[in-house]
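In: this one's structure only:
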């Protein structure tokens, strides 16, 4: 009976048309053009590498799409237990007409060819979105993205700011900023001006959020353009062949980050914080498969930020499930803290179930963004959101309908809030 | 069948008459006088504020009880998913005759009026206790509480010591201590004498525990009245307009804390430690809704204490579920460490289930205090203990009866130990 | 139906013949000779002590086996809820013909006598292994173990290295190393030679792994025999009555540890890391019942090691469940990181279920060693592995067959990999 209840709830949740509040979709090429775009997703390359396939095999210069897929398929048997593998199978079955439940050296070529044909049809991307019940998706735009050539109602700009906060000492970043804004940064004041220009440009093009991923040791303290620390840090970063000290580098990050928060307040943009990643931990890893973390991070590091910007909404993602209770508690107390999805290494069923249950029973229902796909290609919204919706249906069935006597309608309404309603409310003010 | 088994076990557990081993009840006014006492509980004000209600609306000077409830009710729809909201509904239904399953702008006034009438009846508090199967409750008494004017067999004194350990540098605390003990603290030795007087006073009035809440960075090392560090720290705290250094302040805390442990040994009082809270993290929050935490805390910080006082029982609560395994392991190894309830941000079903399961399968059954309500008003014992008992019934049904083949009788006996038996054994030596 | 599915899966998993990849078995006396060998296991002595039995009662010099068991039985009622107690009962029932489900002052003597008789039979150890479906077990050998007098195909040597890494400053360790290798360590170079000799000796005797347990604050950085830091540290350790500084002691540990990793690479031995234990936290505890931990540990501390030795497989155990997600993620990314069992304080059902679920859905199936017994006497393989297999059956039933539509055959094949297949693959290259 419990299983039937779960199925009924899932069916209702699965009807909801979605706005995906965080992806890495390329608006100019949102869907895959062949199976290599799908299996080239870092979830597959990194797992195949972890299970034994050499990076050189995967990233060989000039490697063709079909050959790459062949090599990956030959190495995928050890991954069949993973939930990531199940995303692929569900994608292939639901969107590409695949009939088997495993991709093997025997059946992959037929799928490759059939996929290439389907993907080349002009309405393919639209078909995928429709079948996935996707109305629109948030992008992850570089700060110097022109934001032209696509429909910003379907592909919603989001200002990604990692480069500004953590890599401004690189000449290429400085050059990109100057080109994008027309402002040559000379000091903290012009740095602030340039950042303001970016907000102007982005919000004029329908941008709905500012976003950043942050390492576990980042502690954002207040450093503003009029502080000496900001000035010294900017000057140090502008030196040719700058070898900025750790102190300058921290002050610069704090200054830029704080300035971003100030502009989020001014432009009324939510500021997505994705907290906890260490970059390039495994230096020999495949592209995008090198990052890990130190789970010893605390939201107490953000106390000054949350206190200083009550008018800015901070949708927060944490990398490790051990930080989820803090996130739950901070969202329960701080009006401007909102829980956001299940990120990366926490985006697997066991952790989603534990983390989502805790949020659903302690955080106001208006302050929870249930899920985002984080996808690079449109095909992944369907299996990832379905994974989440199945878990959500399980939690609603067991913890709300059974344990607390809720009606199915009431449970579905809660599911609607976290799947769709809150995205509209938080990012579109509806 | 599993659900029926859970129901049967719950029904048996729900018969047990309880001693609530930790509350904030005011013995002179234990029950609510109107609905504002219930909805004014920080769990509702802080969640309503988090969901959008301005603090000024909630804490407006001179605000009447009815108006306050009206404002809160208008802001409560976003909280309907929370387990805290379900406590309120169960309280209203079971104790106040409320017939609906939501409190709305339409039905709240009738409940307010009916509640006020019921609460004004002379036997109301006694009726609530009887209906909640409460035999007695532990209080949280300021160190200068007279402890008179109430029945200390029903309202059991507990010496709360946060002020002494963390705020002795405040002149008001010094004055209160002098008034309460007749001793003017001049140095470490008289400080120790004054504390001894408090233990004398409290134990003469039926006190059964000493208690304190502690921040995550507290590390209690041995500092006693004969140590120079204690002397210097006390002298510094006694200076007019003292701006004690961090070092003095730590030494003072360690000295007072260690002295408390010495008197717990002498007076044979359990010492309740509630570990992990940071005060006033959200400075703009409502009353009692400003505290959060850094979950990076370890019981290894208490190793010297546990080794030094084998004769003192330490019932320990941890604020975050990530510390629960340490608590489980420390209680499994140290004879004087006892697990105590599910505190505050961990007092929600998902964390209770995970944490209680781990304890029930690895800590001796005699060393687990299952639950306390932490309530400020008597009405909350019923829904909070029931929440716990439902989870306990689920764990006993699934992990003991089903997975380990236990009989229902055996499971209920284990439930009795953690709900009632161990409270008697640990605090009353029965 | 779910319970029947679990039972069917368990029955199939329970047929699998096992190689236990980590135990503390004494190859010269693998099974118990009386019940005191079983109840003398630290899990029982420490829990009995924690529940109130004085250490002096348990460890009284000259105490006879029967008297010791009698004292423990008298103190065991408070432990009946623990999973550790259930291991004992299942052992007694399955291997010793015990008919009751509790060991009491009334029935223990008959069991003691009957057990002694059974254990004295010449084929007893072989019978226990057969009944437990144990083909062979890994040992934990001191570095100076002769490794002779037993069949190394059944009792597989494993080089345990804690003494070398953390206690080389002790003259007894230096003497043992000299006796074992014939090399008098005079400097870093001869230290390295001596360690090489050990690898030579061990691998010639069928050793299949190098192993070590590590405290939470250990950070292995590269220090090799040609570094000054290594030389200074070795010299300091060789001084008579050495009072090595913390710095020397850390450098020495890093140097020896790094050298072990180098030889693991050279001799192609997996290097088992058991991360997170603090020794002798409870100084008044019983033998082997004094160790606890600080759960604030991160695998980021091992990043340099994992990067430097891609050719060495590191089967990793973590002490606390809060570190399990990091382990899962590191094994998902690093080809040379493998998850290994459920260690010590995490070896209880609630934590096993949460931790194993997370691994099974995110780590390649070829990179997970499901379980080891960690036992000191052969009798414990049966109940400990069965506990694990029951949980594994539950996870496979619920998360794979039900939630993901897997066939039972497919689920059992995954179970086989983690129970047996990967042990062969990782330690025997099959």
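Out: Good, I have the coordinates. Computed from a prediction, not measured in an experiment: that's the story for all the values here. Residues are numbered from 1 along each chain as shown, chains lettered A, B, ... in the order given.

In: Test my guess that residue A:230 contacts residue A:223.
Out: Yes: using Cβ atoms under 8 Å, residue A:230 is in contact with residue A:223, at 5.2 Å. From N, CA and C alone the C-beta is placed, and that goes for glycine too.

In: Now do the buried residues in stretch A:299-318.
Out: For stretch A:299-318, the neighbour count (16 or more other Cβ atoms under 10 Å in any protein chain shown) marks A:299-303, A:305-309, A:312-318 as buried.

In: Close to chain B as well: tell me which of those residues qualify.
Out: A:299, A:300, A:303, A:306, A:307 (Cβ under 8 Å from any Cβ of the partner chain).

In: ok, these vs chain C, which is closest?
Out: residue A:300 (14.1 Å; Cβ to the nearest Cβ).

In: who touches the spatially closest residue to that closest one that is not a sequence neighbour in this structure?
Out: In space, residue A:300 comes closest to residue B:294 once its chain neighbours are excluded; the distance is 4.1 Å by Cβ to Cβ, 6 or more residues apart in numbering or on different chains. Contact partners of residue B:294, counting by Cβ atoms under 8 Å, 6 or more residues apart in numbering or on different chains, are A:298, A:300, B:216, B:217, B:276, B:278.

In: Would you agree the second one falls within a helix?
Out: Yes: note on residue A:300: a helix contains this position according to DSSP: H, G, I helix; E, B strand; the rest coil.

In: where do the strands sit along the stretch 51-200 of chain A?
Out: A:134-138, A:155-156, A:158-160 (DSSP state E, counting those that start in this stretch).

In: Would you mind measuring from residue A:12 to residue A:415?
Out: 7 Å (Cβ to Cβ, to the nearest Å).

In: So residue A:372 sits against residue A:24, correct?
Out: No: using Cβ under 8 Å, residue A:372 makes no contact with residue A:24, being 10.6 Å away.

In: Could you list the low-pLDDT ranges of the stretch 101-250 of chain A?
Out: Within the stretch 101-250 of chain A, the stretches with pLDDT under 70 are A:242-243.

In: Looking at it, what residue ends up closest to chain C?
Out: Closest point on the stretch 101-250 of chain A to chain C, by Cβ to the nearest Cβ, is residue A:101, at 8.0 Å.

In: what residues are up against that residue?
Out: Contacts of residue A:101 (Cβ under 8 Å, 6+ apart): A:89, A:93, C:405.

In: Find the nearest non-adjacent residue to the second one, please.
Out: If I follow you right, that is residue A:93. Nearest non-adjacent residue to residue A:93 (Cβ to Cβ, 6+ apart): residue A:99, at 7.4 Å.

In: Next one: that neighbour, what pLDDT does it get?
Out: In this model, residue A:99 is scored at 97, pLDDT.

In: Same question for residue A:320.
Out: Confidence score, pLDDT, at residue A:320: 98.

In: and it, how many neighbours?
Out: 27 (other Cβ atoms under 10 Å in any protein chain shown).

In: how close does the nearest residue to it once chain neighbours are set aside get to residue C:5?
Out: Distances taken as Cβ to Cβ, 6+ apart place residue A:295 nearest to residue A:320, at 4.0 Å, with adjacent residues excluded. According to Cβ to Cβ, residue A:295 and residue C:5 sit 34 Å apart.

In: Compare these two (neighbour count), which wins?
Out: Remark: of residue A:295 and residue C:5, residue A:295 carries more neighbours, 26 against 18, as counted by other Cβ under 10 Å.

In: Could you measure from that one over to residue C:224?
Out: On the measure of Cβ to Cβ, residue A:295 and residue C:224 end up 30 Å apart.

In: doesn't residue A:237 make contact with residue A:169?
Out: Yes: counting by Cβ under 8 Å, residue A:169 does reach residue A:237; the two are 4.1 Å apart.

In: what sits in contact with each of the two?
Out: With Cβ under 8 Å, 6+ apart, residue A:169 and residue A:237 have common neighbours A:244, A:252.

In: between the two, who's got more neighbours?
Out: Set residue A:169 next to residue A:237 and count neighbours by other Cβ under 10 Å: residue A:237 wins out with 23 against 19.

In: Output the contacting helices and strands for the one helix or strand the more buried one maps to.
Out: Take DSSP states H and E as the rule and residue A:237 turns out to sit in helix A:228-238. The helices and strands touching helix A:228-238, judged by 3 or more Cβ pairs under 8 Å, 6 or more residues apart in numbering or on different chains; DSSP states H and E, are helix A:188-204, helix A:246-267.

In: Output these as CSV; include the columns mean neighbour count and distance to residue B:426.
Out: Rendered in CSV, the data for the helices and strands packed on helix A:228-238 read as follows (neighbours: other Cβ atoms under 10 Å in any protein chain shown; distance: least, Cβ to Cβ, whole Å):
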stretch, mean neighbour count, distance to residue B:426
helix A:188-204, 19, 59
helix A:246-267, 20, 48
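
In: Can I get these in TSV including distance to residue B:328?
Out: Shown next, in TSV, are those (distance: least, Cβ to Cβ, whole Å):
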stretch	distance to residue B:328
helix A:188-204	48
helix A:246-267	38
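
In: Chain B is nearest to which of the ones you listed?
Out: With Cβ to the nearest Cβ, the closest approach to chain B among these belongs to helix A:246-267: 15.0 Å.

In: Now do the helices in the stretch 51-200 of chain A.
Out: A:55-58, A:65-74, A:83-96, A:108-119, A:124-131, A:162-166, A:171-181, A:188-204 (DSSP state H, counting those that start in this stretch).

In: and the second one, which residues are buried?
Out: Translated: helix A:65-74. Per 16+ other Cβ under 10 Å, helix A:65-74 contains these buried residues: A:65, A:66, A:68, A:69, A:70, A:71, A:72, A:73.

In: now swap in the first one and tell me
Out: For helix A:55-58, burial by neighbour count (16+ other Cβ under 10 Å) applies to A:55, A:57, A:58.

In: out of these, who's nearest residue C:163?
Out: residue A:55 (37.8 Å; Cβ to Cβ).

In: The closest residue in space to the closest one that isn't next to it in sequence: what's it in contact with?
Out: Excluding the flanking residues, the one nearest residue A:55 by Cβ to Cβ, 6+ apart is residue A:286, at 5.2 Å. Shown in contact with residue A:286 (Cβ under 8 Å, 6+ apart): A:42, A:45, A:46, A:49, A:55, A:58, A:59.

In: So what's the residue count around residue A:153?
Out: Neighbours around residue A:153, by other Cβ under 10 Å: 9.

In: now do residue A:105
Out: Residue A:105 has 11 neighbours, counted by other Cβ under 10 Å.

In: Please verify my assumption that it contacts residue A:72.
Out: No: between residue A:105 and residue A:72 no contact is recorded; they are 11.0 Å apart, counting by Cβ under 8 Å.

In: Let's have the buried residues of helix A:55-58 in TSV, adding pLDDT.
Out: Formatted as TSV, these follow (pLDDT from 0 to 100):
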residue	pLDDT
A:55	98
A:57	97
A:58	97
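
In: just curious, which of those is nearest to chain B?
Out: Among the buried residues of helix A:55-58, and counting by Cβ to the nearest Cβ, the member closest to chain B is residue A:55, at 34.5 Å.

In: neighbouring contacts of the helix holding residue A:237?
Out: Surrounding helix A:228-238, the residues in contact under the criterion Cβ under 8 Å, 6+ apart are A:168-169, A:174, A:185-188, A:191, A:223-224, A:242, A:244-245, A:248-249, A:251-252, A:254-255.

In: I'd like the distance from it to the chain centre, please.
Out: 31 Å (Cα atoms, centre = their mean, to the nearest Å).

In: So for that helix, what gets flagged as buried?
Out: Quick answer for helix A:228-238 (16+ other Cβ under 10 Å): A:229, A:230, A:231, A:232, A:233, A:234, A:236, A:237, A:238.
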